[in-house]
Every structure is written in structure tokens, then in C-alpha cells.
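In: Sequence first, predicted model second:
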Amino acid sequence: MTVKLYDNDSYLKECRATVLSCEKKDSTTFELILDQTVFFPEEGGQTPDKGTINGYEVVDVQIKDQAIIHTIFCKDSTDPFKKDDSVMCRIDWEHRFSNMQQHTGEHIFSGFVYEKFGYDNVGFHLSDSIVTMDYNGPISMEEVMELEEKCNKAIFEGKKVSACYPSDSELQALNYRSKKELSGPIRIVTIEDVDVCACCAPHVNNISEVGILKVLDVTNYKGGVRLSILCGMRAFLYFRTCIQRSKEISHITSKPEDEIVSAVEAQKATIGLLQQQIFSLQKDALKEKVAAISPDAKNVVLFTKNTDTNILRYQVNELTESHPGYCGIFNSTENGYNFIIGSKEKDCNDLAVVLRQKFDAKCGGKAKMIQGSLVAPEEEIKELFP
Ligand SMILES: [Zn+2]
């Protein structure tokens, strides 16, 4: 059994420890068990602490039968530690403190959800990039906003956080979250006036250290809701990015920040109108070319530029109604042409074979219509539509 020093003092950043065992895991990693540790393992949906042991990077921390197993990265030694060696453990404090902020934030939100609705947090995930909580009942967006505000007010008030191991009889009398699922010695984490919950992880001592709690997203999930939140420095960095983005959009649209949404909507509407105009201009330009074709022509070929594929397809279909041979439109691109060829009476796949042989065309389709791309001079393409 490893003594969990973070249990009593979540602010302990380093400790000396004695090696109980060190076993090679693979070519570059070893599994190290110590008599005591400051490293919190992966547990309860939370990713493990990062840090070093005697300078070796700790890449994973797991708990198994009350033994905490540190996986260290070590490629330059076949035998980094022996039993009874004294080692120095140091956690990545910035990473740990961020986890403490996010995790305590979860307690605050879940405590208020439990108080208001009686819902449990049935799924929790805390990684380096995301914090999500799942509740087993519906919560509306309006209610989420109210809860978020309540959480931040509690944070500003600075409620104390404490942890203890109550006796069985004390536990019986206690109303706390996660009451049913656990066995063995139960650690109770209490945030005054906010939450009482069974939990093994490190938390901040006073919720004012959470700084701020912001809900990022709410989605329906398994009959309840999944929320994602940001606390502390993560929330601060997110706000910084949001403000930067907002300023950039303000600069691009030449509108003050509080008008950027309507400015973008107006631009979107303008783009829609312009697209419609371009579409009809392309259609008219193609119609003019079609009007110049002799009505007696068996095969027809036209060359266009920057024309929408839907217009090309529509026009090819129209042409096949009055010309029995191959009707093709070749739309010029940066290198070569995109094309659509149709026919009422001929098999377009026969022409596809020729296009592949002659110009190495990439094309496919059905007997009545093929489409593809090729690189070839206009004059040589015309020869295929006599
Ligand atoms: Zn906790």
C-alpha cells in the first residue's frame, strides 16, 4: 500500500520516498512503486498527475490494490532504481493546481444541482483539454445559467473545503452525494453551504481559488444532460481567446464588437444575394452560347469558364433533348477542364473510354451521362464531337 500524501495535503508539491519495487515495462519505461507519493493516479474520471521522479518524466500513474504505480520514461538506463533507494518526487504543480480548480468547480456545480433537482453526477471526465459532467435528469439552459451564476457567487464568497474519513455510524447519518456506489474507507469532501460528496481527489482549500466557473456547453445525454465547464486559468485563457476573436471580427467587419453578430448576418445575406446573381449570370452566358449552335448539329460541344456544376448539368440535359449525339460542356479550371457529357441515343461510356485513352481523363458515370476532368487542347477535344 502506498501512502497518499495528497490525501492530507493537496498542496504538497514534492516529497522524498523509498522505492518498494521497480520493474521494466517495455524498452523505454519502468513501473515504480514507492512507500509514499505526492502523485495522484488516474481515478474517478480524472487524468493522473504529471511530474518527475529523480528527474525522470512520470508518464502515467495508476492505482491497483491500493498500490500506486508510477510509469517513468527512461531510455538511458536498464536499471534506474533498486529497492530501498531514496528518490525525489516532484509533481507538475501548474497542471495539478489546474486539475484542483476544475475538480472543485465540478463539486460546486454538482452540489447545487443536487440541492435543486436531486440529480447525481453520473459521469465525470477531467482531461488536459476538457471537463464534462453528466447529470441523470433534464436541466434547461435557463436553469444552467442560474446555477452557473450561483456557483460564481459562492466562489466570490470563498467557502472552505475540507476532507475527512468519518466512522460508519457518522456516514450512516450523513447526506452526501455518491452514497451508494462506494465501499471501504470513505473520504468525505465538504464545501461549506455548497456540497458534501465522497471523493478521493485533491481539491483547493477554499473555493475562491477556483477563480471563475464558466459553462461552455450543454447537450442532452442519456435522458439527462452533459455539461462542459472551464474553471480558473483555463477559463481565463478561454476568455482571452474569445476577446481576441471578437476583436478580429470587429476589425474585419469594421463594426464595434457589440455589433459583430448583426454585421456577420448582414454579410451572409449579401453573399447569398451575390451568389444568386452570379448563378443567373452564368446561366445567361451559357444560354447565349447554346443559342449560337446549329439546330441540325448531331454532336455538340461548348467551352465555359467558372460555371456552376448544376448549371452545366441542367444545360447538358437540355441539349440532349434536341441533339441526338454527344452533348458536352467543358468548364475550364486552373489546369485543364471539368466536363459533363450526356446523350439520349449514344452510350457515354464509349466516349469515356476514348477520353481516358487519348487524354488520360479521370471520369465515370452512366450511359446517359458522364462527368470528369482532363487536360487537353480545346481543338483536340472538338475533334471528338464532329
Ligand atoms: Zn472531488
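Out: Happy to help now that I have it.

In: rest of the way, CA atoms for contacts and neighbours
Out: Noted.

In: Quick check: pLDDT value at the residue lying closest to residue 386 once chain neighbours are set aside.
Out: Distance criterion Cα to Cα, 6 or more residues apart in numbering; nearest residue to residue 386, sequence neighbours excluded, is residue 299 at 6.3 Å. Per-residue confidence for residue 299 comes out at a pLDDT of 96.

In: Isn't residue 299 up against residue 322?
Out: No - under the criterion of Cα atoms under 8 Å, residue 299 is not in contact with residue 322, lying 10.1 Å apart.

In: Those two: who's more crowded?
Out: Between residue 299 and residue 322, counting by other Cα atoms under 10 Å, residue 299 is the more crowded of the two (18 against 14).

In: quick revisit: next, the contact list for the residue nearest to residue 386, please.
Out: Applying Cα atoms under 8 Å, 6 or more residues apart in numbering to residue 299 gives the contacts 323-327, 385-386.

In: which one of those residues sits closest to the ion?
Out: Set against the ion, the nearest of the contacts of residue 299 by Cα to the ion is residue 327 (70.9 Å).

In: what's the burial count for that closest one?
Out: What residue 327 shows, counting by other Cα under 10 Å, is a neighbour count of 28.

In: Please renumber the chain so that the first residue is 236 from this point on.
Out: With the count now opening at 236, the last piece we talked about shows up as residue 562.

In: how about the nearest residue to it, chain neighbours excluded?
Out: Distance criterion Cα to Cα, 6+ apart; nearest residue to residue 562, sequence neighbours excluded, is residue 535 at 4.6 Å.

In: what residues are up against that neighbour?
Out: When contacts are counted by Cα under 8 Å, 6+ apart, residue 535 touches 528, 554, 558, 560-563, 620.

In: tell me how far the longest strand out of those in the chain is from the chain's mean position?
Out: The residue-count maximum for a strand in the chain (DSSP state E) belongs to strand 249-259. Strand 249-259 has its average C-alpha position 36 Å from the chain's average C-alpha position, going by Cα atoms, centre = their mean, to the nearest Å.

In: Can you list the strands that that strand pairs with?
Out: Within its sheet, and counting by DSSP bridges, strand 249-259 is paired with strand 264-269 (antiparallel), strand 321-326 (antiparallel).

In: for the record, mean pLDDT for it?
Out: Over the span of strand 249-259, the pLDDT mean works out to 97.

In: Alright, I will stop here.
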